[in-house]
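A.B. asks: Just the structure for this:
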Amino acid sequence: MNILDRQEQIANAFKGIHENILTEFKQHEKEENIIDDHWEKHGLGTGHSVIIDDGEFFGKAGINFSNIKGEKLPASSVGSINKSSGLPYFATGVSVVFHPKNPNIPTSHLNIRYFCTYKNNEVFEEWFGGGFDLTPYVLDEDDCRDWHQSAKNACDTLGKEYFELFKKNCDEYFFLPHRKEHRGIGGIFYEKQTFKNTAEGLNFSQQVAIAFTEAYKKIITKHKNTEYSDEDTKFQRFRRGRYVEFNLVYDRGTLFGLQSGGRIESILMSLPNAAEWHYKFDSKLTDKQERLYEALKNPIDWINNV
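C.D. replies: Residues are numbered from 1 along each chain as shown. The predicted model follows:
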């Protein structure tokens with residue numbers, strides 16, 4: 001397919017996903033706290049970032065659509081796609097991060113993305129990536145089961161074998177080696193994934209976004225009125241320090257953005273606006289916090305073994 005036709009096809013589909021997610025979640029925040037930014041960066045591309053910074057419900061949130069191109073794939077994106085090394089590329093994606101103020105509501109993250117390289121204005125190679133994961137500060141086992149069941153339901157539209165594979169990918173990817181723990185309780189993650197055709201890849205991207213949206217809406221509804229203490233907030237901010245460590249040290253999406261000369265405001269939108277580091281803070285955990293740490297250190301089969 002001509003590269004311009006493919007760009008329009010994919011970008012329009014992802015814009016629709018972006019708008020659907022925005023519609024579902026902006027209702028939780030006052031309109032005056034929402035920053036709606038349609039941006040363009042010369043030589044890179046365009047995007048639509050919707051940001052909440054120190055809102056009433058969300059401490060930080062970002063719902064971002066980007067549509068970019070470049071003359072050469074950054075090293076962080078080549079990997080097994082070596083045939084595309086050195087070729088111009090087009091990439092589009094939707095990235096979502098929610099950091100609610102209430103520590104009883106986990107941080108959540110969704111990403112879906114599409115890449116293609118091209119020669120002589122024709123698509124040369126294409127692949128998809130994405131997934132979603134959950135970072136709780138209070139372990140609610142029912143939430144964890146529902147979250148993974150939603151992920152499995154999305155994966156099952158592609159094939160029964162995909163959930164276990166993508167869950168394993170997620171557990172391995174969102175791991176902090178220097179802490180010997182995972183960023184959260186997981187979900188699904190897939191990278192450089194090829195499909196029978198573009199339509200199948202687009203459909204799966206849509207299923208992933210729908211599963212994320214429905215699962216997280218349920219969690220918000222369940223916990224939004226749960227009371228919390230200053231100590232709960234302090235622990236939340238301490239754990240968000242781990243979130244920052246992963247995103248700045250290990251996250252390949254952050255690395256890609258920096259290597260491609262990306263828009264810094266969009267690349268770093270995932271970071272919470274409040275995180276703390278304290279000396280040996282987690283050497284004196286409560287029983288509730290200990291249960292969370294056990295789940296972070298030893299990934300659980302939430303569907304079959306709980």
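
A.B. asks: mind listing the helices for the stretch 151-300 of the chain?
C.D. replies: All helices of the stretch 151-300 of the chain, identified by DSSP state H, counting those that start in this stretch, fall at 162-173, 198-223, 230-249, 252-259, 264-267, 287-297.

A.B. asks: Ranking helices and strands of this structure by mean pLDDT, which lands last?
C.D. replies: Within the chain, judged by mean pLDDT, DSSP states H and E, the helix or strand with the poorest mean is helix 75-78; its value is a mean of 57.

A.B. asks: In CSV, list the helices of the stretch 151-300 of the chain along with mean pLDDT, distance to Lys72 and mean neighbour count.
C.D. replies: C-betas here are computed from N, CA, C, even on glycine. Formatted as CSV, the helices of the stretch 151-300 of the chain follow (pLDDT from 0 to 100; distance: least, C-beta to C-beta, whole Å; neighbours: other C-beta atoms under 10 Å):
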stretch, mean pLDDT, distance to Lys72, mean neighbour count
helix 162-173, 97, 25, 18
helix 198-223, 97, 23, 19
helix 230-249, 96, 24, 18
helix 252-259, 81, 10, 17
helix 264-267, 85, 19, 17
helix 287-297, 96, 38, 15
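
A.B. asks: among those helices, which is nearest Pro100?
C.D. replies: helix 198-223 (7.4 Å; C-beta to C-beta).

A.B. asks: And the closest one, how far out from the chain middle?
C.D. replies: From the chain centre to the centre of helix 198-223 is a distance of 12 Å (C-alpha atoms, centre = their mean, to the nearest Å).

A.B. asks: same check, this time on stretch 15-26
C.D. replies: Centre-to-centre, stretch 15-26 and its host chain are 15 Å apart (C-alpha atoms, centre = their mean).

A.B. asks: closest to Lys41 out of the helices of the stretch 151-300 of the chain?
C.D. replies: helix 264-267 (9.2 Å).

A.B. asks: In terms of helices and strands, where is Asp133?
C.D. replies: Per DSSP states H and E, Asp133 falls inside strand 122-135.

A.B. asks: who does that strand touch, helix- and strand-wise?
C.D. replies: Under the contact definition 3 or more C-beta pairs under 8 Å, 6 or more residues apart in numbering; DSSP states H and E, strand 122-135 sits against helix 3-25, strand 107-119, helix 141-156, helix 162-173, strand 186-193, helix 198-223.

A.B. asks: okay, these in CSV with distance to Leu296 next?
C.D. replies: Putting these into CSV (distance: least, C-beta to C-beta, whole Å) gives the following:
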stretch, distance to Leu296
helix 3-25, 25
strand 107-119, 13
helix 141-156, 12
helix 162-173, 11
strand 186-193, 10
helix 198-223, 18
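
A.B. asks: mind checking which of those is nearest Gly261?
C.D. replies: strand 107-119 (16.2 Å).

A.B. asks: other SSEs contacting the closest one?
C.D. replies: Contacts defined by 3+ C-beta pairs under 8 Å, 6+ apart place strand 107-119 against helix 3-25, strand 89-100, strand 122-135, helix 198-223.

A.B. asks: What residues sit buried inside that strand?
C.D. replies: Using 16 or more other C-beta atoms under 10 Å as the test for burial, strand 107-119 gives Thr107, Ser108, His109, Leu110, Asn111, Ile112, Arg113, Tyr114, Phe115, Cys116, Thr117, Tyr118.

A.B. asks: That one to strand 89-100, inter-axis angle?
C.D. replies: Per axes from the mean of the first three to the mean of the last three C-alpha atoms, to 10 degrees, the angle that strand 107-119 makes with strand 89-100 is 180 degrees.

A.B. asks: Return the distance of strand 107-119 from the chain's centre.
C.D. replies: On the basis of C-alpha atoms, centre = their mean, strand 107-119 is displaced by 10 Å from the centre of the chain it belongs to.
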